[in-house]
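1. Output the structure for:
(2 chains)
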Amino acid sequence: MGRIALVEKGWIGGGNTGRNTTIVRSNYLWDEAAHLYEKSLKLWEGLSQELNFNVMFSQRGVMNLGHTLQDMRDIYRRSNANRLNGIDSEILSPAEIKAIVPAMNVSSDTRYPVLGASYQPRGGVARHDAVAWGFARAADARGVDIIQNCEVTGIRQTEGRVTGIETSRGFIGANKVGVVVAGHASVLADMAGFRLPVESHPLQALVSEPLKPVLDTVVMSNAVHGYVTQSDKGELVIGAGIDAYTGYGQRGSVSIIEGNVAAIVELFPVFSRVRMLRQWGGIVDVCPDACPILSKTPVSGLYFNCGWGTGGFKATPGSGWAFAHTIAHDEPHELNAAFSIDRFYSGALIDEHGAAGVAH
Amino acid sequence: MLEIKCPWCGSRDQDEFHYGGEAHIVRPTEPDALDDEQWGDYLFFRKNIKGAHAEQWCHSSGCRRWFNVIRDTVTYSIHGIYRVGEKPSGEKV
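-> Predicted coordinates:
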């Protein structure tokens, strides 16, 4: 591809990229999703070297807890599916979990006792801001023009082909336009005259004051509902489900936070007096099947990469890789062919609500 | 925390309610006559408006009735609440 410009409404990394809970993993159930996220994970493994920027990718393992017999059946099924797809996965007993996470309450004297967990050793966390800056620096070094504080206000097309974008700083002509705007996907699609099957919801997160090292892996629980890691600054990074109502306000209701921290304290009684330092929200574009859209659109030359909902950060390198291929070749790669908008007409949905790990 | 005025019970905290998504989506009367694109559109495609959004809420912890709300999805301000079968102004559909 020739001259490339990146147009960002605010500052790079200011949207969901700078607001997520930084978890990276590829332990998804269905083949199509597993392969796409695993492609991304493999790219994460060499990313700091390739970008010449330390993205602080820490492969400290990701644990998904089971609290009921059905949880464990689902975990065994997903773990086996991962292994059949060449993705690392183990099953841990409560004793094995306790050996890795001493601070967790794994006793049977709780309402939802921990019965076991899936564990992906190669999963972990990365520094979200560093990813934005690392990609920006590497893209800039390759001649990409990065234009910040430039809001897209319209998408021009002639006879079904895109011809450029209207922005707050003027018109930019282009015969290929890729749109990756997460929660604002529907707003941009509307400019091009079509709808999407996504709805934008608030997703909140919060961090504690810095603590001495107490948690050196990623712990996620669907049933009790919350997930927690400890950053290199010592902060506990905590998240859970979306607010049920749609919203572009980058904030949600406090009852979501209350439920979230109740779950974390249930799992980690020792955290009950930790002071929380900062709380925020983003806008997540959620698809009916909790899988993304990496697709051509009804407008020729216009490509959309959206619908990642609550789980886009982990897919950052893989998503970009597949999207670049789609734009360059005007056809999806094998890895993203299944994630077309058309699946919502054909019925070929790929249901990853379980593996998403975040209540919708 | 939103405060929502149930048309029957009065103002209550958001947590007494259940969100029901975009309002005024009419179920097709003859699904068999639709093609895949029309049916998929009905099932999955949404306006996802940034701004004044007509949506459904159910007072699940109270009277358990459904009603419609016009809420701004940026400021979360509620502009109007009206019963099913009415317009926001209160007149019957």
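2. okay, residue 93: pLDDT?
-> Just so you know, I chose chain A. A:S93 carries a pLDDT value of 98.
3. let's do chain B instead
-> 66.
4. same thing with A:A139?
-> For A:A139, pLDDT reads 95.
5. Let me know the secondary structure of it.
-> The three-state label given to A:A139 by DSSP: H, G, I helix; E, B strand; the rest coil is helix.
6. Could you list which residues are in contact with it?
-> A:4, A:6, A:146 (Cβ atoms under 8 Å, 6 or more residues apart in numbering or on different chains). In this view, the C-beta of every residue, glycine as well, is placed from N, C-alpha and C.
7. List just the nearest of the residues you listed to chain B.
-> Using Cβ to the nearest Cβ, A:L6 is the member of the contacts of A:A139 that lies nearest chain B, at 22.2 Å.
8. ok, the contacts of A:A139 vs A:Q157, which is closest?
-> Using Cβ to Cβ, A:I4 is the member of the contacts of A:A139 that lies nearest A:Q157, at 19.7 Å.
9. coming back round to it: quick one: which of the contacts of A:A139 sit in strands?
-> Counting by DSSP state E, the contacts of A:A139 place A:6, A:146 in strands.
10. Adding pLDDT, write the contacts of A:A139 out as JSON lines.
-> Output for those, formatted as JSON lines (pLDDT from 0 to 100):
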{"residue": "A:I4", "pLDDT": "97"}
{"residue": "A:L6", "pLDDT": "97"}
{"residue": "A:I146", "pLDDT": "97"}
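11. Put the buried members of the contacts of A:A139 into a ChimeraX selection.
-> The buried residues among the contacts of A:A139 can be selected in ChimeraX (16 or more other Cβ atoms under 10 Å in any protein chain shown) with this line:
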select /A:4,6,146
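12. Is it possible to get CSV of the contacts of A:A139 that adds distance to chain B?
-> Formatted as CSV, the contacts of A:A139 follow (distance: Cβ to the nearest Cβ, whole Å):
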residue, distance to chain B
A:I4, 27
A:L6, 22
A:I146, 25
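13. Just the closest of the contacts of A:A139 to A:G252, please.
-> Within the contacts of A:A139, proximity to A:G252 (Cβ to Cβ) peaks at A:L6, which comes in at 28.9 Å.
14. For the nearest residue to A:D342 once chain neighbours are set aside, give me its contacts.
-> Among residues not flanking A:D342 along the chain, A:S295 sits closest, at 7.6 Å (Cβ to Cβ, 6 or more residues apart in numbering or on different chains). When contacts are counted by Cβ under 8 Å, 6+ apart, A:S295 touches A:303-305, A:326, A:332, A:336, A:339-342.
15. ok, which pair from the residues you listed is furthest apart?
-> A:N305 and A:D342 (15.4 Å).
16. The two: which is more packed in?
-> A:N305 (26 against 15; other Cβ atoms under 10 Å in any protein chain shown).
17. Now do the helix or strand hosting that one: which elements does it pack against?
-> Counting by DSSP states H and E, the element that carries A:N305 is strand A:302-306. Under the contact criterion of 3 or more Cβ pairs under 8 Å, 6 or more residues apart in numbering or on different chains; DSSP states H and E, strand A:302-306 touches strand A:177-179, helix A:185-191, strand A:293-296, helix A:316-329.
18. which of those sits most buried?
-> Across the helices and strands packed on strand A:302-306, averaging neighbours per residue (mean count of other Cβ atoms under 10 Å in any protein chain shown) puts strand A:293-296 on top, at a mean of 23.
19. leaving aside the residues next to it on the chain, what's closest to A:Y76?
-> Closest residue to A:Y76 apart from its sequence neighbours, by Cβ to Cβ, 6+ apart: A:I91 at 6.7 Å.
20. for the one you found, helix, strand, or coil?
-> strand.
21. Contacts only, for it.
-> A:75-76, A:79, A:116-119 are the contacts of A:I91 under Cβ under 8 Å, 6+ apart.
22. immediately after the helix or strand that contains B:G21, which helix or strand?
-> Using DSSP H and E, B:G21 sits in strand B:18-22. The helix or strand immediately downstream of strand B:18-22 is helix B:36-44, counting by DSSP H and E.
23. Which neighbouring elements make contact with the next helix or strand after that following helix?
-> As assigned by DSSP H and E, the chain's next helix or strand after helix B:36-44 is strand B:52-58. Judged by 3+ Cβ pairs under 8 Å, 6+ apart, the packing partners of strand B:52-58 are strand B:18-22, strand B:66-72.
24. returning to what we had before: hey, what's the residue nearest to A:Y76 bridged with?
-> Under the criterion DSSP bridges, A:I91 forms beta bridges with A:S118.
25. What separation do you get for it and A:R73?
-> Using Cβ to Cβ, to the nearest Å, A:I91 is found at 12 Å from A:R73.
26. What backbone torsions are found at A:M220?
-> Backbone torsions of A:M220, given as degrees, to the nearest 10, read phi -130, psi 140.
27. quick one, which of the helices and strands packed on strand B:52-58 is nearest to chain A?
-> Per Cβ to the nearest Cβ, nearest to chain A of the helices and strands packed on strand B:52-58: strand B:18-22, 4.0 Å.
28. Out of the helices and strands packed on strand B:52-58, which one sits most buried?
-> strand B:66-72 (a mean of 20).
29. What mean pLDDT does that one get?
-> 98.
30. That one: partners in the sheet, and parallel or antiparallel?
-> strand B:52-58 (antiparallel), strand B:78-82 (antiparallel).
31. and of these, who's closest to A:G18?
-> strand B:52-58 (26.0 Å).
32. between that closest one and strand B:18-22, what angle do the directions make?
-> Here the directions of strand B:52-58 and strand B:18-22 differ by 140 degrees (axes from the mean of the first three to the mean of the last three Cα atoms, to 10 degrees).
33. Any buried residues in strand B:52-58, and which?
-> Buried, per 16+ other Cβ under 10 Å, within strand B:52-58: B:53-58.
34. just stretch A:141-151 next, same as before
-> A:144, A:146, A:150.
35. How about the secondary structure of the residue lying closest to A:V214 once chain neighbours are set aside?
-> Nearest non-adjacent residue to A:V214, counting by Cβ to Cβ, 6+ apart: A:A103, 5.5 Å away. Of the three states, A:A103 takes coil under three-state DSSP.
36. Whichever residue of the stretch 251-360 of chain A sits closest to chain B sits in which helix or strand?
-> Distances between the stretch 251-360 of chain A and chain B by Cβ to the nearest Cβ are smallest at A:Y345, namely 3.9 Å. Here A:Y345, judged by DSSP H and E, is contained in helix A:343-346.
37. What is that helix packed up against?
-> helix B:36-44.
38. Which residues of chain B lie near chain A?
-> With Cβ under 8 Å from any Cβ of the partner chain as the criterion, chain B comes near chain A at residues B:1-2, B:14-15, B:18-19, B:21-22, B:36-37, B:39-41, B:43-50, B:53, B:55, B:71, B:73-76.
39. Which among those count as buried?
-> B:2, B:14-15, B:19, B:39-41, B:44-50, B:53, B:55, B:71, B:73, B:76.
40. residues touching A:T229, list them.
-> Residues in contact with A:T229 (Cβ under 8 Å, 6+ apart) are A:21-23, A:125, A:215, A:217-219, A:236-237.
41. Great, nothing more from me.
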